[in-house]
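Asks: Sequence plus the predicted model coming up.
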Amino acid sequence: MRRGKTFVISGPSGVGKSTVLKALLEGREDLYFSVSATTRDPRPGEVDGVHYHFIDADTFRQMIADGQFLEYAEYVGNFYGTPRKYVEEAMAQGKDAVLDIEIVGAGNVKRQMPEAVRVFIAPPSWKELERRLVERGTDSEEKIAKRLLRAKVEFQAAHDYDYFVINDTVEGAVQELNAILTAEHCRPTERMEIING
Ligand code: ADP
Ligand code: 5GP
């Protein structure tokens, strides 16, 4: 059975990564969404084990010490990490692993897995990004300001990604992501059995 690929999705907070990925993953048995561990508090509606594994800082440190993370990073005052085990299991089962992670973690994944595909999701405008963060209503004014400041840094890293998707409409962004997934599976390296006969 062929091994799955890893797709790393980054983009500023509030751009709509969770929304777009939820739509992308709906009913897709061939895709595995990597549920990260985080020390941040759950937002209303977020479910432990579905959106994140919500853990305290001591548990997070222990997981680092035990080598359980494929990568981890600090983001606006909290820690976030990708548990290695499930990503590897999914890929061994032939599923593509989808990781929603920020730019430092994305760089670390690329170093360990050079074949990983990185996709940056951007908003149609800065004004719209701010509007979405405010509309989501989950962060204080101070947190929103910090996330917007961080977004400027994140944008500088975008040129280094393999693909740049614009989340104007959710349907449009899902369509672009599906095009990327399909194209990446049409690489000759993915089809060596046929090439080699
Ligand atoms: P992220 O996961 O990138 O932080 P979210 O998925 O939480 O972002 O989306 C932030 C807010 O923007 C949410 O209120 C969501 O409903 C809204 N949103 C997401 N995508 C779109 C879109 N294409 N058009 C309008 N609003 C959107
Ligand atoms: P949020 O708090 O908005 O859910 O996420 C904040 C940021 O952390 C987002 O950019 C998101 O992509 C990133 N993130 C979520 N999980 C992980 C992870 O496991 N590792 C890293 N490096 N970043 C993550």
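Replies: Perfect, thanks for sending it. Numbers count the residues shown, from 1 in each chain. Ligands and ions are numbered 1, 2, ... in the order given.
Asks: does any part of stretch 30-38 sit near ligand 1?
Replies: No: using CB under 6 Å from any ligand atom, stretch 30-38 stays clear of ligand 1, with a minimum separation of 11.9 Å. Bear in mind the C-beta positions are built from the backbone N, C-alpha and C, glycine included.
Asks: Need the residue closest to the centroid of the chain.
Replies: The centre of the chain sits closest to Asp100, judged by CA atoms, centre = their mean, with a distance of 1.2 Å.
Asks: how far away is the closest residue in space to Val76 that isn't next to it in sequence from Val98?
Replies: Of all residues not flanking Val76 in the chain, Lys146 sits nearest, at 5.1 Å (CB to CB, 6 or more residues apart in numbering). Lys146 is 26 Å from Val98, where distance means CB to CB, to the nearest Å.
Asks: swap in Arg28?
Replies: Going from Arg28 to Val98 by CB to CB gives 9 Å.
Asks: Between those two, which has more neighbouring residues?
Replies: For Arg28 versus Val98, the count of surrounding residues by other CB atoms under 10 Å is larger for Val98: 24 against 14.
Asks: so Asp100 touches Thr19, yeah?
Replies: No: counting by CB atoms under 8 Å, Asp100 does not reach Thr19; the two are 10.9 Å apart.
Asks: in this protein, which spans are strands?
Replies: 6-10, 31-33, 36-38, 52-54, 69-75, 78-83, 96-100, 117-122, 163-166 (DSSP state E).
Asks: Identify the residues contacting the fifth one?
Replies: Applying CB atoms under 8 Å, 6 or more residues apart in numbering, the contact partners of strand 69-75 are 37, 60, 63-64, 79-84, 87, 101-102, 104-105, 108-109, 112, 150.
Asks: do the same with the first one
Replies: Counting by CB under 8 Å, 6+ apart, the neighbours of strand 6-10 from elsewhere in the structure are 17, 21, 87, 91, 96-103, 106, 109-110, 113, 115-121, 154, 157, 161, 177, 180-181, 184.
Asks: one more time with 6 Å, if that's ok
Replies: Outside of strand 6-10, the residues within contact range by CB atoms under 6 Å, 6 or more residues apart in numbering are 17, 97-100, 102-103, 106, 109, 113, 116-120.
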